[in-house]
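Kindly return the folded structure for what I paste below:
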Amino acid sequence: MLNITDNTISNRVDLSDFGCYKQVRPTHVQKWTVISVLGILGLCFVCLFLPWTQNISAKGYVTTRSPDARPQSVQAVIGGQIKEWYVQEGDFVFTGDTIAFLTEVKSDYFDPDLVDRTAEQVSAKEQSVQSYDFKVQALQDVYTALQEGLVSKREQVANKVIQARNKITIDSADLAAYEANLAIAENQVQRIRELYDKGLKSLSELQEKELKIQETRAKVTSQLNKLENQRNELANAIVDQSLVEREYAEKLAKVRSDQQSALSSRAQGLGETAKLRNQLSNYAARSQFYYILAPQDGFVSQTVKAGLGEIIKEGDDIATIVPTNYDLAVELYIKPQDLPLLDINEKSNLRFDGWPAIVISGWPEASVGIFNGAVVAVDRYISDNGNYRVLISPDPSRRDWPAELRVGTGANAFILLKDVPVWYEIWRQLNGFPAAYYREGDNKDEEKAVKTKAPLKSVK
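Numbers count the residues shown, from 1 in each chain. Coordinates of the predicted model:
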């Protein structure tokens, strides 16, 4: 059995007929197992040196970059009561199409002819302002006439003063003549008296001369009174000059005050007119907001308010419109530790919900059913969830994104970074190290910068 002697029975007995022998007999299975394991290990060892693309994976959803291309809420500019609906959910509307019609709920706007009546108020106030213009012009004419009258009055009073002075001069001359005559008459009376005393003149001649002297004295006294009267007239004329100036100053001041009052009333009228015009413009504009219009082309996806007769406030949402033309993008959030690794135009692979795909994040060329994109924006501030928001747009050099994509569709993004060996990526993942930050050319740039530095001078 062990074949250690010359007397063997191996040619007489078939050992394969025994069950115990079948269990302990040597086989080639272990040999092939070892070869297979070694082959697999060799293949795995070779795969460790294959290139692996580092990436940052994150989940997000489809959105739009343009604010005007996102779903938009149509709001009521004024408060009112829904009178009639012109659309249904799912209808397509063009810009300016009527969505709903409102009626007034405030008593201040119940008058159907409110705009026309306000226009009449504006017209009446404008006429009032025009009448104030006429009044101001009339007062200006009165003021000019008073100024001209003052000039004439000044000349008149000045002429009176000159006349009074001339009369005083004449009366003074007449008084001087009368006084001279009086002196002559007194001299004659004295001589006649002497001759009368001597008997050379008669009494009648003496009395005649004394009568003449009395007449001359009366003339002198009368002339003195006349001269005094002329002097008083001169003083009155001078006083009249001050009175004229004061009188006309009061009149001119009163006219100027009335003119300023008219101007003030005119300015107040202009202010009230502007206020009424403002109200007229507001009423006219408000009448246009009774019809709620579509701000852009799109589909009415939802009506927030329902039914007829419902009262809404200013700024309340009444419907939601989804635009038809939009620029798709994927919005996702990355961790702060991955933020320094991102640059604008960084390439990425995307998988959308509803589109089957086989994704191998480290080997993008081997992935199937994925779409390509590029980073177009990275927020400069952290979001409320503790991550940074990133926007990815379609890569124009690769195939287009599905035309059936809608805003809000879920997406998985794999932002591609540096190519490294598989063993390095496994080692990095096991140790929890971040992805490679430095890129090719960074060390060369550092070496070049070091070479360009000025050499240090040696200190002797």
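
need the strands for the stretch 101-250 of the chain, in chain order.
Taking DSSP state E, counting those that start in this stretch as the criterion, the stretch 101-250 of the chain contains no strands.

Secondary structure element for the closest residue to Gln88 other than its chain neighbours, which one?
Spatially, and ignoring its direct neighbours in sequence, Gln88 is nearest to Val300 (7.1 Å; CB to CB, 6 or more residues apart in numbering). C-beta coordinates here come from the backbone N, C-alpha and C atoms, glycine included. Using DSSP states H and E, Val300 sits within strand 298-303.

Flag every buried residue along that strand.
For strand 298-303, the neighbour count (16 or more other CB atoms under 10 Å) marks Gly298, Phe299, Val300, Thr303 as buried.

May I have the residues that are in contact with the residue nearest to Val375 when sequence neighbours are not counted?
Once flanking residues are discounted, Val375 sits nearest to Glu346: 4.3 Å by CB to CB, 6+ apart. By CB atoms under 8 Å, 6 or more residues apart in numbering, the contact list for Glu346 reads Ala374, Val375, Ile415, Leu416, Leu417.

List the ones among these that fall in strands.
Ala374, Val375, Ile415, Leu416, Leu417 (DSSP state E).

Which of those sits closest to Gln268?
Closest to Gln268 out of the ones in strands among the contacts of Glu346 is Val375 (63.4 Å), distances taken as CB to CB.

so what pLDDT did the residue nearest to Val375 get?
pLDDT recorded at Glu346 is 82.

What ranges does the stretch 151-300 of the chain have for its helices?
Secondary structure of the stretch 151-300 of the chain (DSSP state H, counting those that start in this stretch): helices located at 203-288.

if we can go back for a sec, what helices or strands is the strand holding Val300 leaning on?
Under the contact definition 3 or more CB pairs under 8 Å, 6 or more residues apart in numbering; DSSP states H and E, strand 298-303 sits against strand 92-93, strand 317-323.

repeat that with 10 Å
When contacts are defined as 3 or more CB pairs under 10 Å, 6 or more residues apart in numbering; DSSP states H and E, strand 298-303 packs onto strand 72-75, strand 92-93, strand 98-103, strand 317-323.

Just send those strands back as CSV, with mean pLDDT and mean neighbour count too.
Shown next, in CSV, are those (pLDDT from 0 to 100; neighbours: other CB atoms under 10 Å):
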stretch, mean pLDDT, mean neighbour count
strand 72-75, 87, 17
strand 92-93, 91, 17
strand 98-103, 91, 18
strand 317-323, 87, 19
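
wait, which of the buried residues of strand 298-303 is closest to Gly410?
Distances from Gly410 to these, taken by CB to CB, are shortest for Phe299, at 21.2 Å.

Now for the closest residue in space to the closest one that isn't next to it in sequence: which residues touch it?
Leaving aside its chain neighbours, Phe299 sits nearest to Val322 (5.0 Å; criterion: CB to CB, 6+ apart). Residues near Val322 by CB atoms under 10 Å, 6 or more residues apart in numbering: Ala69, Arg70, Pro71, Gln72, Gly298, Phe299, Val300, Ser301, Gln302, Arg406, Val407.

Contact partners for the fifth one?
In this structure, Gly298 makes contact with 69, 71-72, 74, 91-95, 320-326, judged by CB under 10 Å, 6+ apart.

Sheet-wise, list the partners of the helix or strand containing Ile82 with their directions.
Per DSSP H and E, Ile82 falls inside strand 80-85. Strand pairing for strand 80-85, determined by DSSP bridges: strand 98-103 (antiparallel), strand 311-312 (antiparallel).
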